[in-house]
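*Asks:* what follows is a protein structure lacking sequence information:
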């Protein structure tokens with residue numbers, strides 16, 4: 001007597017697998033694999049990445065029907081007015097018509113998948129539209145000013161509120177912004193990365209306390225940072241308002257962001273890479289320098305970009321610690337210095353059209369400056385871990401040929417009777433020990 005277990009295929013019954021006692025061993029049947037057909041139609045795999053023509057026709061038809069129905073409701077039934085209510089009602093009707101159209105051919109799971117896909121793409125389109133509106137509006141309002149060459153090379157020392165746009169510019173504010181953010185990054189980047197390495201690689205009770213303080217400081221209002229530097233650097237130590245004082249306030253703002261983002265990136269480095277390095281006899285600091293940091297280089301550059309974007313657009317710390325000026329000031333330790341955000345804030349409050357145009361022009365320059373800094377950070381950060389550029393691939397090939405030649409020479413010396421291996425030179429990591 002032999003005991004066998006018969007596993008029922010889906011659709012053969014709703015009972016649990018039962019144990020049968022028979023005199024022979026029966027094989028388990030897998031529907032669709034061994035010739036036995038499934039009692040119902042097998043489920044086909046849905047391709048979610050491919051966009052079919054039917055999907056486009058359904059979306060266009062539902063959109064036209066939603067807009068037409070919303071227009072009929074607003075003109076014939078309800079008394080709502082305004083663009084926003086019309087868009088919301090039309091979008092709701094669009095979703096309803098879209099569900100009706102796809103329900104003729106698809107099941108419930110596919111309907112839910114299509115609706116969620118449309119919602120996600122709609123949110124992405126709204127965000128892109130908002131960004132495009134902000135950029136286009138700023139560039140269009142500021143084009144009256146930044147299309148003149150003097151806007152890029154002059155300051156506002158000789159330009160009054162009633163002077164035309166052919167006089168004066170925002171070069172002093174752009175230089176002030178670069179000086180402030182450069183000092184802030186020079187202080188925040190090493191401190192932030194060192195603190196992130198400490199939090200990620202040396203976990204202890206003190207590290208947990210530091211992480212809690214850093215997370216709390218990410219929500220610190222910028223005006224508090226400016227007041228702190230003003231109370232200590234300016235009032236307590238008796239120093240002048242300057243670009244360096246504004247840099248210290250900006251450093252306090254961007255330091256928690258860099259630490260928190262870099263900490264998350266460093267903790268994502270696979271532990272197997274660090275274990276392999278330590279297993280080869282490498283010290284922990286050498287592992288951090290040659291394994292952890294290069295692996296997370298792209299993510300660390302993203303953390304620096306986030307901090308830079310937060311600090312370069314602040315106004316209140318500059319107002320309290322650096323003041324306002326219409327002149328060039330290349331000395332960051334003495335005298336007032338203005339930044340592009342503060343210049344924009346000051347100029348757009350003026351009732352004069354020329355001053356408002358200069359303010360929007362300063363905002364456009366700020367956007368261009370942030371974009372250039374972002375591109376520079378992307379180039380410096382390079383690609384992700386394990387993805388080499390052409391220059392990196394060339395260096396890797398040269399190093400590989402050099403190692404191959406060295407190994408071949410060592411094998412030849414070993415094969416020669418009476419030959420002895422030379423002692424490894426200092427700094428030769430590939431030498432045999």
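*Replies:* Alright, I've got the coordinates. Note that the structure is predicted; figures quoted are calculated from it, not measured.
*Asks:* which residues are contacting the helix or strand where residue 342 lies?
*Replies:* Using DSSP states H and E, residue 342 falls within helix 340-347. Where contact means C-beta atoms under 8 Å, 6 or more residues apart in numbering, the residues beyond helix 340-347 that reach it are 170, 173-174, 176-177, 312-315, 318-319, 322, 324, 355-356, 358-360, 362-363, 365-366, 369. Backbone N, C-alpha and C define where each C-beta goes, glycine included.
*Asks:* what of stretch 351-367?
*Replies:* In contact with stretch 351-367 (C-beta under 8 Å, 6+ apart) are residues 135, 138-139, 141-146, 151, 156, 161-165, 168, 170, 173-174, 177, 312-313, 340-341, 343-348, 350.
*Asks:* repeat for stretch 262-279
*Replies:* So stretch 262-279 is contacted by 192-193, 196-197, 199-201, 211, 214, 284, 286-287, 290-292, 295-296, 299-300, 302-303 (C-beta under 8 Å, 6+ apart).
*Asks:* just these: which are in helices?
*Replies:* Secondary structure assignment by DSSP state H places 192-193, 196-197, 199-201, 211, 214, 284, 286-287, 295, 299-300, 302-303 of the contacts of stretch 262-279 in helices.
*Asks:* just the buried members of the residues you listed?
*Replies:* 192-193, 196-197, 199-201, 211, 214, 287, 295, 299-300, 302-303 (16 or more other C-beta atoms under 10 Å).
*Asks:* report the two of the residues you listed separated the most.
*Replies:* 214 and 287 (23.7 Å; C-beta to C-beta).
*Asks:* elements contacting the lengthiest helix in the chain?
*Replies:* Determined from DSSP H, the single longest helix within the chain is helix 108-146. Judged by 3 or more C-beta pairs under 8 Å, 6 or more residues apart in numbering; DSSP states H and E, the packing partners of helix 108-146 are helix 83-102, helix 353-381.
*Asks:* so how far is that helix off the chain centroid?
*Replies:* On the basis of C-alpha atoms, centre = their mean, to the nearest Å, helix 108-146 is displaced by 17 Å from the centre of the chain it belongs to.
*Asks:* please apply the same query to stretch 103-116.
*Replies:* The answer for stretch 103-116 is 32 Å, by C-alpha atoms, centre = their mean.
*Asks:* give the buried residues for it.
*Replies:* Buried residues in stretch 103-116 (16+ other C-beta under 10 Å): 111, 114.
*Asks:* quick one: average pLDDT of it?
*Replies:* The pLDDT scores in stretch 103-116 average 83.
*Asks:* and if you look at stretch 134-147?
*Replies:* Averaged over stretch 134-147, pLDDT sits at 91.
*Asks:* list of residues touching it?
*Replies:* 151-152, 165, 170, 354, 356-365, 367.
*Asks:* pull out the buried residues from the residues you listed.
*Replies:* 151, 165, 170, 354, 356-365, 367.
*Asks:* spatially, which two of those are the most separated?
*Replies:* Farthest pair in the buried ones among the contacts of stretch 134-147 (C-beta to C-beta) is 354 and 367. Separation: 20.6 Å.
*Asks:* and the angle for the longest helix of the chain with helix 340-347?
*Replies:* In terms of direction (axes from the mean of the first three to the mean of the last three C-alpha atoms, to 10 degrees), helix 108-146 departs from helix 340-347 by 70 degrees.
*Asks:* just want the angle from helix 108-146 to helix 83-102.
*Replies:* Per the same axes, to 10 degrees, the angle that helix 108-146 makes with helix 83-102 is 150 degrees.
*Asks:* helix or strand right after helix 108-146?
*Replies:* Note on helix 108-146: by DSSP H and E, the next helix or strand toward the C-terminus is helix 150-153.
*Asks:* hmm, residue 94 is touching residue 66, no?
*Replies:* Yes: contact criterion C-beta atoms under 8 Å: residue 94 and residue 66 qualify, at 3.3 Å.
*Asks:* buried ones in the helix or strand harbouring residue 208?
*Replies:* Using DSSP H and E, residue 208 maps to helix 205-217. Neighbour counts over helix 205-217 (16+ other C-beta under 10 Å) mark 207, 210, 211, 214, 217 as buried.
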